[in-house]
Structure formats: structure tokens, C-alpha cells
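>>> Dropping the sequence and predicted coords here.
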Amino acid sequence: MTETNNDTGADIERMSARAREIYAAELAVLAGRTTASSALFERASRSMPMGVASSFQAADPYPIYLARGQGSRVWDVDGTEYFDYHNGFGSMAVGHAHPKVVEALGKAARTGTHFAVTTAAAVDLAEELCRRFRLDRVRFTNSGTESTMDAIRVARGATGRDVICKIEGSYHGHHDAVMFSVTPSLTLIEKLDSGHGEQFPASRGIPTGMAAWTLAVPYNDLAAVEQLFEARGSEIACFIIEPVMMNIGIVLPRPGYLEGLRDLCTRHGVVLIFDEVKCGATIAAGGAIERFGVQPDLACFAKSIAGGAPLGAFGGRADLMDEISKGIAQQGTFNGNPLAVAAGLAALTEVLTPDAYEHFKAIGSRLAEGCQAAVSAQGIPAHLIDLGCKGCVSYRAEPLVDYRSFLETNPDLFDASWAWLVNRGIFMTPGNEEQWTLSVQHDEGAIDRFVEVFSDFCLAVSS
């Protein structure tokens, strides 16, 4: 172990410099062993912008293209095997090719892949979602973006108000209304705080004038919400929030924070929307609603509720959801598609059962504790979060409290750790804003391999 004083800038800069060296070396190794991915990238770039189906899939120098998955493992087009902790950006809590999901998909495919008509299975899944997440009514979508978009529209239609409020630095999909204050720089935050800044959309193609309809406040700051609601509460249709902020690693709500939001929204007639696209069915069977005991007015879901199929949903209070029958547009040809519904129903009723969450608790603790021991032993400025089948290493010594504290994390350490892990058979999400996702098919062997590889990284970066 190298003795360091992590309170000094010199020690951190030395470790950062070492991390940059490791990253450069590991990228060279990656390029040398992924020639098939490189070739596929060149081919894909001729038919798809950036060579990928979604911009989130892009990577430097090119993405690793996968060929197949089975259980807790995936194989890339070069034939390299990995333990998968990426798991489809958190969509695969069931693991790959789970027999129950495969069986359900096969049965559905044999009886018709699409009708654009509601089926009995869709009603079954709607009932399961209502039961699991304590909702009165639900509607289906095809993605998390659609779920948050539709929930916001329902909130606006029901309240007759136009302004929405979100959390500074949060991500709720890529529809126009929520593409403000997604990844603001510290400079922009300081300008906004001083009253001299202007919000800009996080994408070209969105009118800058839309910023007038979207407000943002820091996470974990009830006073900021109260001050905003006192000034403009009568204009605000909804407050949308990830109850656990998960686009910057994992940031937990302070005790009383969610309860306080619930009270403020009720008092001002603001619809409280939980974005549980990442939390739902992962941090507990009933997501954040179960784990923290706070009931929103509406909640949004996708990812792991569907067993790997492209399905989302949103729902909540009956009086709000029933506004859909009174002129609020919520529709989609593929909403409630029988293949997606079959996968979701199998995932929630046959795979993500109470035993699954006991399994997540056991292996999640084993992974986080093992990684924390490595971090502590080598004096790495980082902390670990373990939450159901989700978890992460954030390269800041103290836990994060909001987006501003995320700006203090060390990207050099993350980049080096990602490249080190992926070159040793641990497939992880790119970007220090992401998390690992465990599946029911991960076992202690997969966990111990991650800890072994990560421990070696900590030793290398601290030497």
C-alpha cells in the first residue's frame, strides 16, 4: 500500500497523472484486441450517425459491439467473453436469455407479434404494475422518454399550468421539455445562481425559448423548492424527480427530503412525478416508492420492468390518469405490444420475485464491500454505493449530495478504471455518470472476479 494524504492536491494530482497513463495504455490494448469491433464501426458509420443506434452507445475510439449474451455474461464480435455489469444501461436485472423470458417471448411470437389492440396479457401486466408500485391506473409506452413525456403532459393537462420543475443536472429522457439543466457546467450554475445566466437546451434542434417553461433546483435542497413554490407555485404543473438521482452515479435522498417534497407539492397543487425508469424494480421490488415509503402522484417506468423488451409505462392517481379520457393525448401504435408485454409479465411475476431481491442484497453487499476495502486500502478518493441490484464507485471521497458535488468527482480515475475493467473481462457502462446493474443470474464467482480486477486497479493507480 502506498501511504498518501488524500487531503492534499499534490497527492490527488499524482494519482490523476497515473490514471491518465493507465488509461492511455489500456486504450492501446483495447484497440489491439477489438479489431472486429473496429471494422464493424467503420461499416456502421456509413449507415448510422456515429456508427450506433443511439448516441449513448458511442465510445472512444469506437464502441465495443456485442454478439450475444447468456446469463451474467456477454460476448463481443471479437469473441471476447465478459461478465456483464452494463446490463443494457440497467434494463437487464433478469440477466440475458433468462429461460422464463425466452419462453414467454416464444409463446407470444407464435400467437402474433403485434395487433395494436389491447390484449388480456396487457391487462395482466397493468394490474401487476399497479400492485407492485401502488398505482391506481397505468398506461403503456415504449421507452422511458415516452413515459416522462406523457406524465408531464397529463400533469399539465390536469392542472391547467404550463411550467415544469426538475432537478438541476438530471436526465429524464430526450424530449424537449426536460432537455434543460441536464449537464450544466459549474460556470453556468454560478451564473444562474447570480441571476445573470440563461439556460440553454442540451441538444441542438430545441428552441431556446422553451427554457421559460422549465425550472431547475438542486437535488436534496428542500429550501430551494419551498422558495420557488412560494414565488411561482401557481404556475407550476409538476415537479419531476428521480427519487434516487442516477444520472451522476447514485445520489441518495437525505432523510426527510422526499417526504418534504411530497408535502410541498400537495400544499401548492403541484403534481409530484417520480422518474423510476432506473429505480423501478431494481432498488426494491416496488422501486423507490417501496424503499422510501413516499407515494408520488404519477410515476414513470421502463428498463428493468420489461425483461429486456422495449416497454415503458407511467401511472398514478386515478383522477389524474382519467384525464386521458378527457382530451389529453396519450397514444402509440406499439403501446402494449404483445411481445414486450409478455417479457415484462414474465420478468415481474416469474423472475423478479422476493427471492431475487434477497439475492441482490447478498451479492450487492459482497461487491460493494469488496470494492470499498480496495479503495480504503489504497487511499483512493472514492466511495461506494450499494442499492438493490444497482451500485457504483464515485471518485469523490465523500458521498454525493447533488449535481454540483458530482462536478468534484475525478474523471481521470473513472476513465482509467473503465478501461482497466473492460480489458479484464468486466463489461461496464461508459461514463462516470452511470452505475453497475446486477442480474439474478450473477453469482458469487462473477462478484469476486469484479472485486479482484478492481482491487488490482486500485493498487496500480496508487503505485
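That came through fine.
>>> what distance separates the start and the end of stretch 285-303?
Stretch 285-303 has an end-to-end distance of 14 Å (Cα to Cα, to the nearest Å).
>>> Which positions within it qualify as buried?
Across stretch 285-303, burial judged by 16 or more other Cβ atoms under 10 Å covers 285-292, 294-303. In short, each C-beta sits where N, CA and C put it, glycine included.
>>> from the chain's centre, how far out does that stretch sit?
Computed by Cα atoms, centre = their mean, to the nearest Å, the separation of stretch 285-303 from the middle of its chain amounts to 14 Å.
>>> pLDDT averaged over that stretch, what's the number?
In this model, stretch 285-303 has an average pLDDT of 98.
>>> Got the confidence number for D7?
51.
>>> ok, the most centrally placed residue in the chain - contacts?
Among the residues of the chain, the one closest to the centroid is K278, at 4.3 Å (Cα atoms, centre = their mean). Applying Cβ atoms under 8 Å, 6 or more residues apart in numbering to K278 gives the contacts 90, 242, 244, 246, 303, 390, 435.
>>> I283 too?
Contacts of I283 (Cβ under 8 Å, 6+ apart): 244, 291, 387-390.
>>> Please state the offset of the helix or strand hosting S405 from the chain centre?
S405 belongs to helix 403-406 when assigned by DSSP states H and E. In terms of Cα atoms, centre = their mean, the centre of helix 403-406 is set 16 Å apart from its chain centre.
>>> Quick one: mean pLDDT for that helix?
Rounded mean pLDDT across helix 403-406 is 96.
>>> one step back: keep only those of the buried residues of stretch 285-303 that are in helices.
If you go by DSSP state H, the buried residues of stretch 285-303 have 287-292 in helices.
>>> which residues in the protein form strands?
For the chain, strands defined by DSSP state E occupy the ranges 66-70, 73-76, 81-84, 137-141, 163-167, 214-217, 236-241, 271-275, 298-301, 312-316, 383-387, 390-394, 426-427, 436-437.
>>> wait, which of the ones you listed is closest to L339?
Shortest distance between L339 and the strands of the chain, using Cβ to Cβ, is found for strand 137-141: 12.5 Å.
>>> What helices and strands are in contact with that closest one?
If you count contacts as 3 or more Cβ pairs under 8 Å, 6 or more residues apart in numbering; DSSP states H and E, strand 137-141 packs onto helix 120-133, helix 144-159, strand 312-316, helix 318-321.
>>> Mind listing what's buried along it?
Neighbour-count burial for strand 137-141 [16+ other Cβ under 10 Å]: 137-141.
>>> Same list (the ones in helices among the buried residues of stretch 285-303) but as TSV, adding distance to D60.
Below are those laid out as TSV (distance: Cβ to Cβ, whole Å):
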residue	distance to D60
G287	33
A288	33
I289	38
E290	38
R291	35
F292	37
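>>> Closest to R267 out of the residues you listed?
Of all these, the one with the least separation from R267 (Cβ to Cβ) is F292, at 19.5 Å.
>>> Next up, the contacts around the closest residue to that closest one other than its chain neighbours.
Spatially, and ignoring its direct neighbours in sequence, F292 is nearest to L258 (5.3 Å; Cβ to Cβ, 6 or more residues apart in numbering). Contact analysis of L258 by Cβ under 8 Å, 6+ apart lists 243, 288, 292, 294.
>>> need the contact list for the second one.
It refers to A288. A288 makes contact with 243-244, 258, 274, 276, 279-280, 294, according to Cβ under 8 Å, 6+ apart.
>>> among those residues, which two are most distant?
Farthest apart among those by Cβ to Cβ are L258 and G280. That separation is 15.2 Å.
>>> in this protein, which helix or strand is least confident?
Of all helical and strand segments in the chain, the minimum by mean pLDDT, DSSP states H and E falls on helix 186-194, at a mean of 85.
>>> which other helices and strands contact that helix?
When contacts are defined as 3+ Cβ pairs under 8 Å, 6+ apart, helix 186-194 sits against helix 403-406.
>>> helices or strands up against the helix it packs on?
helix 186-194.
>>> Could you export the helix it packs on as CSV, CA atoms only?
The C-alpha coordinates for helix 186-194 follow below in CSV (Å, rounded to 0.1, in the frame of the first residue of the first chain):
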residue,chain,number,x,y,z
LEU,A,186,-20.1,24.9,-12.9
THR,A,187,-19.7,28.3,-14.6
LEU,A,188,-23.3,28.2,-15.9
ILE,A,189,-24.6,27.1,-12.5
GLU,A,190,-22.8,30.1,-10.9
LYS,A,191,-24.3,32.5,-13.5
LEU,A,192,-27.8,31.1,-12.9
ASP,A,193,-27.4,31.5,-9.2
SER,A,194,-26.4,35.1,-9.6
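>>> what does it contact?
Defining contact as Cβ under 8 Å, 6+ apart, one finds that helix 186-194 is touched by 168, 184, 197-199, 403-404, 407.
>>> ok so, going back, so which of the contacts of A288 is the closest to R131?
Looking across the contacts of A288 and measuring by Cβ to Cβ, the closest to R131 is G280, at 13.3 Å.
>>> And that closest one, how far from F274?
9 Å (Cβ to Cβ, to the nearest Å).
>>> sorry, back to before: tell me the most packed of the contacts of I283, by neighbour count.
Using other Cβ atoms under 10 Å as the neighbour test, the contacts of I283 are led by C389, with 29 neighbours.
>>> Now for it: which residues touch it?
By Cβ under 8 Å, 6+ apart, the residues touching C389 are 93, 282-283, 304, 360, 364, 437-439.
>>> try Q70
Shown in contact with Q70 (Cβ under 8 Å, 6+ apart): 96-97.
>>> one more time with 10 Å
Counting by Cβ atoms under 10 Å, 6 or more residues apart in numbering, Q70 touches 81, 84, 95-98, 441.
>>> Report the buried members of those residues.
Among these, the ones that count as buried by 16+ other Cβ under 10 Å are 84, 95-96, 98, 441.
>>> can you name the two of those residues that are farthest apart?
D84 and H98 (12.9 Å).
>>> Name the residues contacting each of these two.
The contact sets of D84 and H98 overlap at 70-71, 92, 439, 441 (Cβ under 10 Å, 6+ apart).
>>> Kindly reformat those residues as TSV containing distance to G51.
As requested, the shared contacts of D84 and H98 are exported to TSV (distance: Cβ to Cβ, whole Å):
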residue	distance to G51
Q70	25
G71	28
M92	23
S439	27
Q441	29
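>>> of those residues, closest to L27?
M92 (26.3 Å).
>>> State the distance from that closest one to N432.
Noted for M92: a distance of 21 Å to N432, by Cβ to Cβ.
>>> The two: who's more crowded?
Taking M92 and N432 together and counting by other Cβ under 10 Å, M92 has the greater number of neighbours (28 against 22).
>>> how close does that one sit to A302?
13 Å.
>>> Let me see the domain layout of the protein.
Domain ranges of the chain: 9-97+354-462, 99-351, per automatic domain parsing.
>>> is it possible to export the strands of the chain to a markdown table including distance to C458?
Formatted as a markdown table, the strands of the chain follow (distance: least, Cβ to Cβ, whole Å):
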| stretch | distance to C458 |
| --- | --- |
| strand 66-70 | 27 |
| strand 73-76 | 24 |
| strand 81-84 | 18 |
| strand 137-141 | 41 |
| strand 163-167 | 31 |
| strand 214-217 | 35 |
| strand 236-241 | 33 |
| strand 271-275 | 33 |
| strand 298-301 | 36 |
| strand 312-316 | 38 |
| strand 383-387 | 12 |
| strand 390-394 | 10 |
| strand 426-427 | 14 |
| strand 436-437 | 16 |
